[in-house]
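A.B. asks: Build the 3D model from these lines:
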Amino acid sequence: MNWPIIPLGEAASFINGYAFKPSDWESEGKEIIRIQNLTKSSGQSNYFSGKIPLKYLVKKGDLLISWSATLGIYEWEESDAWLNQHIFKVVFDKKDLDKSFFRHLISFSLEKMSYEVHGATMKHITKKKFDAFQIPLPPLPIQKKIAAILDEADKLRQLNKDLIAKYDELTQSLFLDMFGDPVTNPKGWEKVVAAEYYEVRGRVGWKGYKKTDLRLEGAVVLGATHVTHSGDIDLEKVVYLSDEKFEESPEIIVKQNDLIFVQRGNTIGKVGLVREDLGDATINPVVLIFRPVKANPLFLLYLLMNKGLNREFVNSNSGSAQPMITQKFMKEFLFVNVPIKLQNQFADRVAEIETQKAQAQTTLGKAEELFNSLLQRAFKGELVKE
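C.D. replies: Okay, here's the model as predicted:
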């Protein structure tokens, strides 16, 4: 490979977003692009109608890079919006770059940065180190050829992701068909206090843990990052707790069929179901355990994931500087009282849908492997001959 190796900062300009404060948020104006709007981890948006420098304006088609907490590159597909801090806007003002090629290159580079800059537990990349990161830069015709191959492989991935999303939508539609909207309650269900459905368990403050309590192996610690948008638990990146600290809090040992609920932070209100025995596992202070009492776990998952109900949870303490859904609120919340027989019927039908979804996920896994293989070859100069 005879391509020049240059710092990212010499390839393009990267504009960091404006430091909006919560007091700047409005209900009208242009949308403020925050990391959760890019990752789709929150359906809530904030707006701003005031004036700030136009360099923070994002237009449809602009590439955006999240560099704090969540790393990723995204193409903005909505109308004009304002860019929040912790996100870079890419300005192609230096080198000849194919946008699609550059998007794949940044995605590849971010994965490398996450380990080379700060290690496996990296939380953010500084602007200085981002600009200094070395990248290969082939001639524009080669960039276009590489982009064409990677785009085709990416389409295959996206088709499978779209199919999985459709299965999720089907399950949500089934829930509404069987039980109605749990907020407006058109079917007229009686209400029941949450304690009839589940127990709430959380890590008591004085039983918190420090970095010195973490180990290379031991009890898995679940937190907000492990709860997926689709209601699953993702164990790809976990931390482990010492046996001593784990045994100190037996009340928050995670069991199969528990629900993990995000109590605070960027993904507040998100919930995931522990579908299998994880062995020794516990939670960090950001999440709660909901242990089903007189409820089917799958029914409970989709009840808690309902957008209308979730909005009520999130807004329950939105006036504070750091919004948090209290244990008391989630214990006393009134839900529709659905007979367990109907809950179980719903769960049986969901299980059939999830069998089909699992097949799509297997196919997606193979598509991901193919794409990642092509990505590695592309930036080693092995994919396209000059």
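A.B. asks: From here on, just use CA atoms for contacts and neighbour counts.
C.D. replies: OK.
A.B. asks: Pull the contacting residues for residue 335.
C.D. replies: 182, 191-194 (CA atoms under 8 Å, 6 or more residues apart in numbering).
A.B. asks: again, only using 7 Å
C.D. replies: With contact set as CA atoms under 7 Å, 6 or more residues apart in numbering, residue 335 has these partners: 191-194.
A.B. asks: just the buried members of those residues?
C.D. replies: residue 194 (16 or more other CA atoms under 10 Å).
A.B. asks: Among the contacts of residue 335, which are located in helices?
C.D. replies: Within the contacts of residue 335, no residue falls in helices by DSSP state H.
A.B. asks: now, which of the contacts of residue 335 sits nearest residue 350?
C.D. replies: Nearest to residue 350 out of those is residue 194 (CA to CA; 22.6 Å).
A.B. asks: Return the distance of the closest one relative to residue 201.
C.D. replies: Per CA to CA, to the nearest Å, residue 194 is found 13 Å from residue 201.
A.B. asks: just residue 46 next, same as before
C.D. replies: 32 Å.
A.B. asks: ranges for the helices of the stretch 1-150 of the chain?
C.D. replies: 8-11, 35-39, 99-116, 127-132, 140-179 (DSSP state H, counting those that start in this stretch).
A.B. asks: contact partners of the first one?
C.D. replies: With CA under 7 Å, 6+ apart as the contact definition, helix 8-11 has outside contacts at 94-95, 130-135.
A.B. asks: Only whichever of those residues are buried, select them in PyMOL.
C.D. replies: To isolate the buried subset of those in PyMOL, counting by 16+ other CA under 10 Å, use the following:
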select buried, resi 130+131+133+134+135
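A.B. asks: correct me, but residue 332 touches residue 193?
C.D. replies: Yes. Here residue 332 reaches residue 193: they are 5.7 Å apart, a contact under CA atoms under 7 Å.
A.B. asks: I'd like the contacts of helix 8-11 as TSV, with pLDDT and distance to residue 222 appended.
C.D. replies: Converted to TSV, the contacts of helix 8-11 look like this (pLDDT from 0 to 100; distance: CA to CA, whole Å):
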residue	pLDDT	distance to residue 222
94	96	43
95	96	43
130	93	30
131	95	33
132	94	34
133	94	32
134	95	35
135	96	35
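A.B. asks: Considering the contacts of helix 8-11, which is situated nearest to residue 343?
C.D. replies: Using CA to CA, those come closest to residue 343 at residue 130, 50.2 Å.
A.B. asks: which ones are touching the residue nearest to residue 55 when sequence neighbours are not counted?
C.D. replies: Spatial nearest neighbour of residue 55, chain neighbours left out: residue 15 (7.5 Å); criterion: CA to CA, 6 or more residues apart in numbering. Contacts for residue 15 (CA under 7 Å, 6+ apart) come out as 88-90.
A.B. asks: repeat that with 10 Å
C.D. replies: 55-56, 64-65, 83, 85-91, 127 (CA atoms under 10 Å, 6 or more residues apart in numbering).
A.B. asks: Buried by neighbour count, from the residues you listed: which ones?
C.D. replies: Neighbour-count burial (16+ other CA under 10 Å) applied to these gives 56, 64-65, 83, 85-90.
A.B. asks: buried residues in the helix or strand of the chain with the lowest mean pLDDT?
C.D. replies: Lowest by mean pLDDT, DSSP states H and E among the helices and strands of the chain is helix 35-39, with a mean of 86. Across helix 35-39, burial judged by 16+ other CA under 10 Å covers 35-36, 38.
A.B. asks: pull the CA atoms of that helix into CSV?
C.D. replies: C-alpha atoms of helix 35-39 as CSV (Å, rounded to 0.1, in the frame of the first residue of the first chain):
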residue,chain,number,x,y,z
ILE,A,35,-26.1,12.0,21.1
GLN,A,36,-29.3,10.2,22.1
ASN,A,37,-31.0,11.7,19.0
LEU,A,38,-28.3,10.1,16.8
THR,A,39,-28.4,6.7,18.6
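A.B. asks: From the rest of the structure, what touches it?
C.D. replies: 31, 41-46, 64-76, 83-87, 229, 266-267.
A.B. asks: Counting neighbours, what do you get for residue 259?
C.D. replies: 30 (other CA atoms under 10 Å).
A.B. asks: Hmm, it is touching residue 295, no?
C.D. replies: No. Under the criterion of CA atoms under 10 Å, residue 259 makes no contact with residue 295, lying 11.7 Å away.
A.B. asks: shared neighbours of the two, which are they?
C.D. replies: 198, 301.
A.B. asks: which parts of stretch 136-156 are buried?
C.D. replies: By neighbour count with 16+ other CA under 10 Å, stretch 136-156 contains the buried residues 136-138, 142-147, 149-151, 153-154, 156.
A.B. asks: so which strand or helix has residue 341?
C.D. replies: helix 340-378 (DSSP states H and E).
A.B. asks: Buried ones in that helix, by neighbour count?
C.D. replies: Buried, per 16+ other CA under 10 Å, within helix 340-378: 343-344, 346-347, 350, 354, 357, 360-361, 364, 367-368, 370-372, 374-375, 378.
A.B. asks: Pull out the buried members of the contacts of helix 35-39.
C.D. replies: 31, 41-42, 46, 64-68, 70-76, 83-87, 229, 266-267.
A.B. asks: Reformat the contacts of residue 15 as JSON lines; add distance to residue 208.
C.D. replies: Below are the contacts of residue 15 laid out as JSON lines (distance: CA to CA, whole Å):
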{"residue": "55", "distance to residue 208": "43"}
{"residue": "56", "distance to residue 208": "40"}
{"residue": "64", "distance to residue 208": "36"}
{"residue": "65", "distance to residue 208": "33"}
{"residue": "83", "distance to residue 208": "35"}
{"residue": "85", "distance to residue 208": "30"}
{"residue": "86", "distance to residue 208": "28"}
{"residue": "87", "distance to residue 208": "31"}
{"residue": "88", "distance to residue 208": "34"}
{"residue": "89", "distance to residue 208": "38"}
{"residue": "90", "distance to residue 208": "40"}
{"residue": "91", "distance to residue 208": "44"}
{"residue": "127", "distance to residue 208": "33"}
